[in-house]
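*Asks:* have a look at this prediction, sequence included:
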Amino acid sequence: MTTFDQTPDDPDSFGYKVSWFAVKTFDSAAVLDAIGAEGATPANWESGLGAVHYHSAPRDPDRWIFVSPSVGGWVLAVSTYLPHPDTVETKYETGRRFDQLFSRLMKRFDDVQYFGSHRVSDFAAWARAVNGQPVRIFSYAGSEGQVFANFGAQTQEEAKLRLPDLTGLSPLDATERMFAIAEEGEQEESRLVAGGLSPDEAREHVAECSIKPFPSETDVTDLAGLWSIDPTDLPEQDDPSGVGWAAHLPENLTE
């Protein structure tokens, strides 16, 4: 049986091999209610995130979500079972379940963001809704070599991270564009090597100066920091200690 510590503690970092919603609000109970999680119990950062990471196996019946106290004016809802954006037909209906959760949150809060990554499958995703309207949705998995969702124009923050501009492209066309950028990078490396650079020098130059063909897990957390709050830097926030909520995600809202 999972138990939770209700002693207020400082924010605890996370950000990799996990997904989360960042919601602009000070009311964590309202976020919990909008998500529709079940059996909520107070939990501090350490025990709440601990349950999320410990119960992460695909068939684990305890599909926990931790809804944090407000940090930097944002409430973070963290789980390894959140569905991801997907407009490509799948037997798991994860895209439909993501849309349902995203819609619930954007109807009640002015700024709602989603982030997710998993290095094993080379998965990266993000989404944002402002004033009740989605403005950007993207998800990609390198293990599948496929973009699953691509909606809205590239944001300034994505451009700052040198992520590819996929504005207006279907998931299939976005996939093809990303692989074309990767091929262009390889060709540039070959030209630089032919011009006298070592392979390592050429690779480093392309990595530093060119558009990144594929997003990484650090791109996801960096984008979170530009849009709202980087969860890998939470201990540096000035918010007081607090207690959030641990709850079960309903099976019909999980990945």
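*Replies:* Ah, there it is. Numbers count the residues shown, from 1 in each chain.

*Asks:* poorly predicted segments of the stretch 101-250 of the chain, please.
*Replies:* 202, 235-240 (pLDDT under 70).

*Asks:* all the strands of it, in order from the start?
*Replies:* 111-118, 123-130, 133-141, 146-151, 243-248 (DSSP state E, counting those that start in this stretch).

*Asks:* quick one: closest of those strands to residue 64.
*Replies:* Residue 64 lies closest to strand 243-248 among these, at 5.8 Å (C-beta to C-beta). Where you see a C-beta, it was placed from the backbone N, CA and C, and this is true even at glycine.

*Asks:* what's the neighbour count on residue 87?
*Replies:* 18 (other C-beta atoms under 10 Å).

*Asks:* sorry, back to before: relative to residue 221, which of the strands of the stretch 101-250 of the chain is closest?
*Replies:* strand 111-118 (7.5 Å).

*Asks:* list the pairing partners of the closest one within its sheet, with orientation.
*Replies:* Sheet pairing of strand 111-118 (DSSP bridges) gives strand 18-24 (antiparallel), strand 123-130 (antiparallel).

*Asks:* now tabulate those strands in a markdown table and tack on distance to residue 145.
*Replies:* Output for those, formatted as a markdown table (distance: least, C-beta to C-beta, whole Å):
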| stretch | distance to residue 145 |
| --- | --- |
| strand 18-24 | 21 |
| strand 123-130 | 12 |
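
*Asks:* phi and psi next, for the residue nearest to residue 122 when sequence neighbours are not counted.
*Replies:* Leaving out its chain neighbours, the residue that sits closest to residue 122 by C-beta to C-beta, 6 or more residues apart in numbering is residue 142, at 2.8 Å. Dihedral pair for residue 142: phi -70, psi -30, per degrees, to the nearest 10.

*Asks:* test my guess that residue 142 contacts residue 118.
*Replies:* No - assessed by C-beta atoms under 8 Å, residue 142 is found out of contact with residue 118, at 10.1 Å.

*Asks:* who's more crowded, those two?
*Replies:* Using other C-beta under 10 Å as the criterion, residue 142 and residue 118 rank with residue 118 on top: 19 against 16.

*Asks:* list the buried residues in the helix ranked longest in the chain.
*Replies:* In the chain, taking DSSP state H as the definition, the longest helix is helix 171-194. Going by neighbour count (16 or more other C-beta atoms under 10 Å), the buried part of helix 171-194 is 171, 174, 175, 177, 178, 181, 182, 185, 188, 189, 192.

*Asks:* hang on, residue 97 in a strand?
*Replies:* No - under DSSP: H, G, I helix; E, B strand; the rest coil, residue 97 falls outside any strand and is assigned helix.

*Asks:* look at the closest residue to it other than its chain neighbours and give its secondary structure.
*Replies:* Leaving aside its sequence neighbours, residue 97 sits nearest to residue 83 (C-beta to C-beta, 6+ apart; 3.9 Å). Per three-state DSSP, the secondary structure class of residue 83 is coil.

*Asks:* now for residue 83: which residues touch it?
*Replies:* If you count contacts by C-beta atoms under 8 Å, 6 or more residues apart in numbering, residue 83 has them with 94, 95, 97, 98, 101, 253, 254, 255.

*Asks:* again with residue 250
*Replies:* 36, 37, 38.

*Asks:* so residue 154 makes contact with residue 166?
*Replies:* Yes - Residue 154 lies in contact with residue 166 (C-beta under 8 Å); the separation is 6.6 Å.

*Asks:* more neighbours, these two?
*Replies:* Ranked by neighbour count (other C-beta under 10 Å), residue 154 and residue 166 place residue 166 first, with 23 against 16.

*Asks:* how far away is the more buried one from residue 212?
*Replies:* As judged by C-beta to C-beta, to the nearest Å, residue 166 and residue 212 stand 12 Å apart.
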